[in-house]
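Peer 1: generate coordinates for the sequence data below:
(chains A and B)
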Amino acid sequence: MKIEWTKTPIGRRKFLKGATALGATAALPMGFGGSALAQESGTLRVRAYGDAPNMDPAHSVGVVEEEIHSSIYNKLVQYKPGSEWGWQLDAASSIEQVDPTHIKFALRDDIGFTNGHGAMTAEDVKFSFERIIADETESPNKPDMGPLSHVEVTGEREGTIVLNEPFAPLWSIALPYITGNIVSKSAVEGAGGRINSEPVAESGPYLRASWSPKAKTVLQRNPDWKGDAPAWDTIEIYPIDDENTAEIAFEAGELDLTRVSLGSVARYRDGVPNGGTLVENPSLFYVWLGMNLDHPKLQNQKLRQAIQHAIDVPTILEASYFGAADPSTGIIAPGLAGNRAEGLVAAEANVEKAMALLAESGESNVTLTLDILNKTTYTTMAQVIQAMLAQIGIALEINVLESGAFWASGDNENLQLVLNRYSMAPDPSYATAWFTSAQAGIWNWERFRNEEFDAIHSAASAETDTAKRATMYQRAQDLMEESGAYRFITHEATPVIHSSRVIPALRPDGLSLLRYFGKA
Amino acid sequence: MLIFTLKRFALAALILFVAVTLMFLMIRAVPGDPVQIMLGPRATPELQARLTAELALDQPIFRQLIIFYGNMLQGDLGTDVFSGRAVTQIVFQQLPFTLELIFGSIIWSAGLGIFLGAYAASYPNTLIDRMVAIASVSFVAAPAFVVALLSLLLFAVHLRWFPAIGAGNGFWDRMEHLVLPSFAIGLSWVGYIARLVRASMLEVLGEHHIRTARAFGLAERRVVLVYALRIAILPVVTVIGVGMGFLLSSAVFAEIVFARPGLGKLVIDSITTRNYPIFMGSVLVSTGLFVVSTALADLINAWLDPRARSAK
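Peer 2: Residues are numbered from 1 along each chain as shown, chains lettered A, B, ... in the order given. Coordinates of the predicted model:
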């Protein structure tokens, strides 16, 4: 059957003409739409890997929220941007460790809180710090404050931080990080003691202008900020999980800065689109292969050592990270006290030694299970390890788990081998904390128990001599490696690309310090 | 029609109850301690115990289910652990983004699909018909994630016609942000609907009442658009109703690839963080959306075709 349309007002030719005209009309504004996408000169657009619903530093659980908190709140000291870890004054006009347990500070006199909460005083500092350690606050960040006793207020803007015992990490992960944010006492008390998704009073160089959940956070310059003026009028922070999406958004000109996947580093080394720049920073995170010391199949130390020596770390890194990450020697990254220049087991495999150790162990027909997170990096890594262990006659079964199930593996007594990756703050104590005997079966999945290690972990936090501290943490990692329960793999890397408009201010591990970002 | 409507919505309520109960039981069957995952490694045992009690996780599952439905009937879906905000507020804040994506996709894909199908059926076995057939099958065969990535690279990165990420602010900005995601998840529906309408139209155009209409001398355009198309699009209404479910699942990946807010993203995040209150709130609303849309499709069908009302 054929129906004649020729007598109708819309014939084939008319349809084509109309469609073409419609298409052209539609395309025109879209073309202009492209220019509408162009950056406003005062707006910085950056990507965060998650949303930031929580404006309470006491209940902040990660770097995404801290990126915002450190812009809208002040701390006594802030991390200094650059390639070496250090701090610089922020709300404090002076700060001094007068003895191992007392730190005197004086506040600047030009910082005020919004919403009529007045000038920042030493009472606010006291309230903010003591609130973190108070049981009723139930802050998951309480351990960062270590043995903090209290804050003595000695003047309107002067005070002394008092510790129960010396605590070196106070300067590296407490004062300049999440727990160091100073909130307004009157505002928080007025809000019932808890800040939720709305900051009740801000004091930093930026104010949080708006938050669209899962879409965007907008920071705007604080008109009452008396310190060094921030370079950008507005900062838009986009929560984007997927690094590939973030890379596309950057290439489309919609982002000024984003972390990129390690797989993209080689491409960006050849050139970043739109005249951008690639910055490669080391990361503090640590990745390792762990072995459950309580599992009947892994009781033999020679077997564990055979596994350590059979794994060729450079090959894993080439396959999984495309050569963009370096081998690690332990859980403490370069740049931090306690990093080891070399591990006890070389990064390269020694198959002959591995086979000899396996023969010494007396084990045969060994079959093991490796639990991993369901991410491409880990599946690739696991497959490479599977092939390497097969070389010495160990059969490996890979068990891929989604994140919720994987991160609940701590109490899994049947766990055998596990590929793991922990996040890290810039102090070695943050790493060793998870491998103490008390953490066995919680976050110490290898069930590594060593009295000397536990003692080092306790003592090293109180050691204020950096050189001595470094030696202690190096010994702690030796103990871990000697147990045969660990094959250290990498600290990964934090590659970041930024547009030509931006002078980024990054921590040595590549995380953004937004308040210090400059304009090119 | 009233009895049919009441019966249909009673069935919808039953389906919703079964689906939500299943989801409730399934998320609890998945390994992983929600309290430990939600609070992170540094939470104190006291805080963990408090949250466990708050979420009623220390109660038997059957009791948890009763508590959930009891609270739900009072309009209380709980509170988000991370932000302290009400779950209803969080879910309903995300819902409009998902709805605009789904309706945007349906509107353009159904419009184009019906047009192409009707046009092809009007010229059966001609070059136009074959071209539409090839295009339709190609659209159906193109995986949505491939279309999404290619359209991003072409229209956002290379041509810079449309934005790549986000949902936009204000009406026109939001429409502009909707183009690529709705294109990506709607394209296969164009092909599917075009094939469906073509087949349906060809069948209808051969029926007696069409021949009678022509015999009475009615204009061909009127015969096709009024008498034939009205009946031919009936299966499309049903398909669109059921298609809401598929579009909801497609919206998940679109929200990830295009970094859009929305219910799909909320569900995924809540599963990985074992955030039970958010998960159940999202599931309740998205399942409700699906159940209501299929019920509405049935009602529209019954309205357009009275035979459907008495169908057993």
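
Peer 1: sec struct for A:Ile489, please.
Peer 2: Following DSSP: H, G, I helix; E, B strand; the rest coil, the label given to A:Ile489 is strand.

Peer 1: which residue is the nearest non-sequential neighbour of it?
Peer 2: Counting by C-beta to C-beta, 6 or more residues apart in numbering or on different chains, the nearest residue to A:Ile489 once its immediate chain neighbours are dropped is A:Val287, at 4.5 Å. All C-beta atoms are positioned from the backbone trio N, CA, C, and that covers glycine.

Peer 1: which helices and strands sit right next to the strand or helix carrying that neighbour?
Peer 2: Taking DSSP states H and E as the criterion, the element that holds A:Val287 is strand A:286-291. The contact analysis (3 or more C-beta pairs under 8 Å, 6 or more residues apart in numbering or on different chains; DSSP states H and E) places strand A:286-291 against helix A:301-310, strand A:417-422, strand A:486-490.

Peer 1: re the thing from before, just checking, the residue nearest to A:Ile489 touches A:Ala493?
Peer 2: No: assessed by C-beta atoms under 8 Å, A:Val287 is found out of contact with A:Ala493, at 11.2 Å.

Peer 1: those two: which is more packed in?
Peer 2: Of the pair A:Val287 and A:Ala493, A:Val287 is the one with more neighbours under other C-beta atoms under 10 Å in any protein chain shown, namely 25 against 20.

Peer 1: what bridges to that one?
Peer 2: Applying DSSP bridges to A:Val287 gives these bridge partners: A:Arg421, A:Thr490.

Peer 1: show me where the stretch 301-450 of chain A has helices.
Peer 2: Ranges of helices within the stretch 301-450 of chain A are A:301-310, A:313-321, A:351-361, A:376-391, A:403-406, A:428-432, based on DSSP state H, counting those that start in this stretch.

Peer 1: now, of those helices, which is deepest in the fold?
Peer 2: helix A:428-432 (a mean of 26; mean count of other C-beta atoms under 10 Å in any protein chain shown).

Peer 1: enumerate the residues of the stretch 201-312 of chain B near chain A.
Peer 2: Proximity of the stretch 201-312 of chain B to chain A (C-beta under 8 Å from any C-beta of the partner chain) is limited to residues B:202, B:205-206, B:219-221, B:224, B:256-262, B:265-266, B:271-274.

Peer 1: let's see 10 Å
Peer 2: Residues of the stretch 201-312 of chain B lying close to chain A (C-beta under 10 Å from any C-beta of the partner chain) are B:201-202, B:205-206, B:210, B:214, B:219-225, B:228, B:255-262, B:265-266, B:268-269, B:271-275.

Peer 1: still on that earlier bit, which one of the helices and strands packed on strand A:286-291 lies closest to A:Thr101?
Peer 2: strand A:417-422 (29.7 Å; C-beta to C-beta).

Peer 1: angle of that closest one against helix A:313-321?
Peer 2: 70 degrees (axes from the mean of the first three to the mean of the last three C-alpha atoms, to 10 degrees).

Peer 1: dump strand A:417-422 to CSV, restricted to CA.
Peer 2: Extracted in CSV, the C-alpha atoms of strand A:417-422 (Å, rounded to 0.1, in the frame of the first residue of the first chain):
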residue,chain,number,x,y,z
LEU,A,417,45.2,-12.6,50.3
VAL,A,418,43.9,-9.1,49.8
LEU,A,419,44.8,-6.2,47.6
ASN,A,420,44.3,-3.1,49.7
ARG,A,421,44.6,0.6,49.5
TYR,A,422,44.3,3.0,52.4
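
Peer 1: and that strand, how far from the chain's centre?
Peer 2: Centroid separation for strand A:417-422 versus its chain: 16 Å, with C-alpha atoms, centre = their mean, to the nearest Å.

Peer 1: and it, average pLDDT?
Peer 2: Strand A:417-422 comes out with an average pLDDT of 96.

Peer 1: list the buried residues for it?
Peer 2: For strand A:417-422, burial by neighbour count (16 or more other C-beta atoms under 10 Å in any protein chain shown) applies to A:Leu417, A:Val418, A:Leu419, A:Asn420, A:Arg421, A:Tyr422.

Peer 1: likewise for stretch A:260-278?
Peer 2: Within stretch A:260-278, judged by 16+ other C-beta under 10 Å, the buried ones are A:Val260, A:Ser261, A:Leu262, A:Gly263, A:Ser264, A:Val265, A:Tyr268, A:Val272, A:Gly276, A:Thr277, A:Leu278.

Peer 1: turn those into JSON lines, including distance to A:Lys519 and secondary structure.
Peer 2: Output for those, formatted as JSON lines (distance: C-beta to C-beta, whole Å; DSSP: H, G, I helix; E, B strand; the rest coil):
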{"residue": "A:Val260", "distance to A:Lys519": "22", "secondary structure": "coil"}
{"residue": "A:Ser261", "distance to A:Lys519": "27", "secondary structure": "coil"}
{"residue": "A:Leu262", "distance to A:Lys519": "29", "secondary structure": "helix"}
{"residue": "A:Gly263", "distance to A:Lys519": "30", "secondary structure": "helix"}
{"residue": "A:Ser264", "distance to A:Lys519": "26", "secondary structure": "helix"}
{"residue": "A:Val265", "distance to A:Lys519": "26", "secondary structure": "helix"}
{"residue": "A:Tyr268", "distance to A:Lys519": "22", "secondary structure": "helix"}
{"residue": "A:Val272", "distance to A:Lys519": "18", "secondary structure": "strand"}
{"residue": "A:Gly276", "distance to A:Lys519": "15", "secondary structure": "strand"}
{"residue": "A:Thr277", "distance to A:Lys519": "14", "secondary structure": "strand"}
{"residue": "A:Leu278", "distance to A:Lys519": "19", "secondary structure": "strand"}
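
Peer 1: need the max-distance pair from the residues you listed.
Peer 2: Every pair of the buried residues of stretch A:260-278 checked by C-beta to C-beta; the farthest is A:Gly263 and A:Thr277, at 18.8 Å.

Peer 1: ok, the residue nearest to A:Ile489 touching A:Arg421?
Peer 2: Yes: between A:Val287 and A:Arg421 a contact is recorded at 4.5 Å, counting by C-beta atoms under 10 Å.

Peer 1: which neighbours do those two share?
Peer 2: Common contact partners of A:Val287 and A:Arg421 (C-beta atoms under 10 Å, 6 or more residues apart in numbering or on different chains): A:Thr377, A:Tyr378, A:Ile489, A:Thr490, A:His491, A:Glu492.

Peer 1: where is pLDDT lowest across those residues?
Peer 2: For the shared contacts of A:Val287 and A:Arg421, the pLDDT minimum is A:Thr377, 90.

Peer 1: quick one, what contacts the residue of the stretch 201-312 of chain B found nearest chain A?
Peer 2: For the stretch 201-312 of chain B and chain A, the shortest gap (C-beta to the nearest C-beta) falls at B:Pro261, measuring 3.8 Å. If a contact means C-beta under 10 Å, 6+ apart, then B:Pro261 has A:51, A:212-216, A:239, B:93-98, B:166-167, B:255 as its contacts.

Peer 1: let's see it at 7 Å
Peer 2: A:Ser212, A:Pro213, A:Lys214, A:Ala215, B:Gln94, B:Phe97, B:Ala167 (C-beta atoms under 7 Å, 6 or more residues apart in numbering or on different chains).

Peer 1: between those, which is nearest B:Trp189?
Peer 2: B:Phe97 (19.4 Å).

Peer 1: surely the closest one is within a helix?
Peer 2: Yes: per three-state DSSP, B:Phe97 lies within a helix segment.

Peer 1: save the helices and strands packed on strand A:286-291 as JSON lines, and put in distance to B:Val20 too.
Peer 2: Output for these, formatted as JSON lines (distance: least, C-beta to C-beta, whole Å):
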{"stretch": "helix A:301-310", "distance to B:Val20": "47"}
{"stretch": "strand A:417-422", "distance to B:Val20": "35"}
{"stretch": "strand A:486-490", "distance to B:Val20": "43"}
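
Peer 1: show me the shaky parts of the chain.
Peer 2: Let's take chain A. Low-confidence regions of chain A, defined by pLDDT under 70, span residues A:1-40.

Peer 1: let's do chain B instead
Peer 2: In chain B, residues with pLDDT under 70: B:308-312.
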